[in-house]
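Engineer: What follows is a protein structure lacking sequence information:
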């Protein structure tokens, strides 16, 4: 963590004098939130399947220690994921999350020839105290954060009359594609 360009070069030159390839990331204070989507090329619909928050080793527990004690203990923060916590977001944020997911699907069609992104994917976000949402990563797959939702989530419960995990939703799309003779639309 650095606060200025000068501090960055001081740390870089002290710790990594020979290294000239690096990536800078802005640290945004907020809640890490992971949005699990499913986009069906058969129905052309985007669904929010669930949300989770990762529970990360000492990064989530270090805040229980006073700042001066943290410094004295010389604790090196680790973000090793040890679990996933289900989250239900504020209803007022849902339109923004749907819009973000739809833009990702649209953009994927421009980046990749053909079908673009379909099936399960996850946007990894930070939500600030002013409710600004910043996406810092995309996972184009089923992510571990869907594990708490084996029987579905509050979002899938509103849409389906049976338990609906992300895996079951994916299987349903494949079965529907086979029945309609459209399997090529759901295969990569």
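Structural biologist: Arrived safely. Note that the structure is predicted; figures quoted are calculated from it, not measured. Residues are numbered from 1 along each chain as shown.

Engineer: For the chain, which segments count as strands?
Structural biologist: Assigned by DSSP state E, the strands in the chain fall at 31-40, 45-56, 81-86, 119-127, 133-139.

Engineer: I'd like those as CSV, with distance to residue 92 and mean neighbour count appended.
Structural biologist: Using the backbone N, CA and C atoms, a C-beta is placed for each residue, glycine as well. Output for the strands of the chain, formatted as CSV (distance: least, CB to CB, whole Å; neighbours: other CB atoms under 10 Å):
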stretch, distance to residue 92, mean neighbour count
strand 31-40, 14, 21
strand 45-56, 14, 19
strand 81-86, 19, 14
strand 119-127, 12, 21
strand 133-139, 12, 13
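
Engineer: closest one to residue 169 among those strands?
Structural biologist: Closest approach to residue 169 among the strands of the chain (CB to CB): strand 31-40, 5.1 Å.

Engineer: just to revisit the earlier point, let me have the strands of the chain in TSV, extended by distance to residue 161.
Structural biologist: Shown next, in TSV, are the strands of the chain (distance: least, CB to CB, whole Å):
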stretch	distance to residue 161
strand 31-40	17
strand 45-56	15
strand 81-86	21
strand 119-127	21
strand 133-139	29
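
Engineer: Pull up the distance across stretch 74-88, start to finish.
Structural biologist: 35 Å (CA to CA, to the nearest Å).

Engineer: quick check, distance from it to the centre of its chain.
Structural biologist: 14 Å (CA atoms, centre = their mean, to the nearest Å).

Engineer: what does it rub up against?
Structural biologist: 33, 50-59, 62, 65, 144-145, 147-149, 153-154 (CB atoms under 8 Å, 6 or more residues apart in numbering).

Engineer: now do stretch 48-64
Structural biologist: Counting by CB under 8 Å, 6+ apart, 31-38, 70, 75, 77-89, 94, 97-98, 101, 120, 145-146, 148-149, 153, 155-156, 164, 166, 169 sit against stretch 48-64.

Engineer: Straight-line length of it, end to end?
Structural biologist: Start-to-end, stretch 48-64 (CA to CA) is 33 Å.
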